[in-house]
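Q: Pasting a predicted model and its sequence here:
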Amino acid sequence: MYRRVVIKIGSAVLTEQNRLARDRIFDIVKLIAELKSSGIEVIIVSSGAVSAGYTRLKLDKKSLANRQALASIGQSIMMTAYQKKFDLFDIKVAQILLIEEDFRSSDHIHNAKSTIDVLLKNGVVPIINENDTVAIDELRFGDNDQLSAHSTYHFGANLLVILSDIDGYYTANPREDKSATIRRHIDDITESELSQDVTPNSPFATGGIVTKLKAGKYLIDRGLNMFLSSGFKLENVESLLLKGSYRKGSLFGKIDG
């Protein structure tokens with residue numbers, strides 16, 4: 001059903017107690033190896049650079065300059081962690097750094113897509129992140145949910161999978177309302193939903209449910225799908241992508257993909 005997918009991995013999934021969650025990274029890499037074996041091309045959009053940098057240098061994360069410095073430290077840490085895990089499956093990876101301005105330039109995005117197409121054709125997994133070190137507020141997404149949605153559209157994927165610390169989009173905040181239930185299928189997102197406060201749960205996250213809804217709306221408007229699921233338990237993503245069975249999670253867009 002899906003020939004090329006973007007998998008966005010959130011900071012809360014990649015890190016735990018100020019260190020990389022290496023077991024979870026291995027589980028995700030193993031899933032990607034299985035997807036590739038089944039003929040599905042995978043592009044990763046990875047968070048975690050700032051939190052990875054913080055494991056080496058404890059800077060105040062409230063400062064933009066400090067966050068950019070932490071990201072510059074953490075990028076190599078994250079790429080090394082990914083490469084070590086992918087090496088176990090004999091899979092190569094490549095890093096691609098982008099900012100929002102790149103998606104406004106037809107030349108930039110054409111070159112980026114051409115590069116990604118060549119990498120995928122040769123079995124390499126592209127790992128995209130925002131180029132935080134050089135980006136300024138006016139030219140950056142600020143969260144990887146938006147970056148992953150744009151990457152899905154511009155780089156020829158037909159599904160965005162967001163692996164998060166939540167397992168779907170609920171009728172209310174499940175941390176505050178025990179009666180909240182997962183909305184399994186969303187084909188329309190209202191302006192009131194998009195205007196909620198951004199409330200990331202992780203101290204290193206820059207998004208929250210609102211940025212995920214914005215990503216979902218961006219893709220729905222373009223006839224594409226998004227699947228929001230837990231990055232801690234991957235069986236729901238595996239079931240959807242490898243078995244075509246929709247068990248749990250929130251699917252945005254047309255059900256038939």
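A: Now that the structure is in, tell me what you want to look at.

Q: residue ranges with poor pLDDT in the stretch 51-200 of the chain?
A: Low-confidence segments of the stretch 51-200 of the chain, defined by pLDDT under 70: 132-142, 197-200.

Q: what ranges do the helices span in it?
A: For the stretch 51-200 of the chain, the helices defined by DSSP state H, counting those that start in this stretch occupy 64-87, 100-104, 106-121, 144-154, 191-194.

Q: got the ones you listed as CSV, with mean neighbour count columns?
A: The way it works is simple: take the backbone N, C-alpha and C, and place the C-beta from them, glycine included. Formatted as CSV, the helices of the stretch 51-200 of the chain follow (neighbours: other CB atoms under 10 Å):
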stretch, mean neighbour count
helix 64-87, 18
helix 100-104, 16
helix 106-121, 14
helix 144-154, 25
helix 191-194, 11
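
Q: is it true that N225 touches S250?
A: No: between N225 and S250 there is no contact, the gap being 10.9 Å when judged by CB atoms under 8 Å.

Q: all strands for this protein, in order.
A: 4-9, 15-16, 19-20, 41-46, 93-98, 125-130, 159-164, 169-170, 182-183, 185-186, 225-230, 250-252 (DSSP state E).

Q: winner for burial among those strands?
A: Burial of the strands of the chain is given as mean neighbour count (mean count of other CB atoms under 10 Å); strand 159-164 ranks first at a mean of 27.

Q: Find the residue closest to the residue lying farthest from the centre of the chain in space, skipping its chain neighbours.
A: Of all residues in the chain, S179 has its C-alpha farthest from the mean position, at 28.0 Å, by CA atoms, centre = their mean. In this structure, S179 finds its nearest non-sequential neighbour in A172, 7.4 Å apart by CB to CB, 6 or more residues apart in numbering.

Q: repeat for K92
A: Spatial nearest neighbour of K92, excluding adjacent residues (CB to CB, 6+ apart): V124 at 4.6 Å.
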